[in-house]
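Visitor: Structure here, sequence nowhere to be found:
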């Protein structure tokens, strides 16, 4: 490839990367907005309940509470993403 072709390819890839970064930044802002609107107590209780319901309580030892809470929060976030699409609501 010639130098001009390589420069053009790098420029195209840079534009694509900038577009992807902008999309991720928008997604992050939307998630932060949603999380700020939810009470921290609901996040904690919801994550804990989701962890218990998915069987995360099986872990034993000192890391049980840690695994229970983090596992539950992952499921809770997944539920928040899936629920609007199941209900038929529009995205934010």
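Guide: Yep, that arrived. Everything numeric in this text was worked out from a predicted model, so none of it was measured.
Visitor: C-alpha only now, for contacts and for neighbours.
Guide: OK.
Visitor: which stretches of this structure have low pLDDT?
Guide: The model of the chain has pLDDT under 70 over residues 51, 53-73, 75-76, 78-92.
Visitor: for it, longest helix please?
Guide: Ordering each helix of the chain by length in residues (DSSP state H) puts helix 3-37 first.
Visitor: Tell me which helix or strand comes right after that helix.
Guide: Counting by DSSP states H and E, the next helix or strand C-terminal to helix 3-37 is helix 40-53.
Visitor: sorry, back to before: so what does the longest helix of the chain touch, helix or strand wise?
Guide: Where contact means 3 or more CA pairs under 8 Å, 6 or more residues apart in numbering; DSSP states H and E, helix 3-37 is not packed against any helix or strand.
Visitor: Could you rerun that using 10 Å?
Guide: Here helix 3-37 touches helix 64-87, going by 3 or more CA pairs under 10 Å, 6 or more residues apart in numbering; DSSP states H and E.
Visitor: and the gap between residue 14 and residue 3?
Guide: 16 Å (CA to CA, to the nearest Å).
Visitor: Correction: the previous question concerned residue 22.
Guide: Counting by CA to CA, the gap from residue 22 to residue 3 is 28 Å.
Visitor: out of those two, which sits in the more crowded spot?
Guide: More crowded of residue 22 and residue 3, by other CA atoms under 10 Å: residue 22, with 12 against 8.
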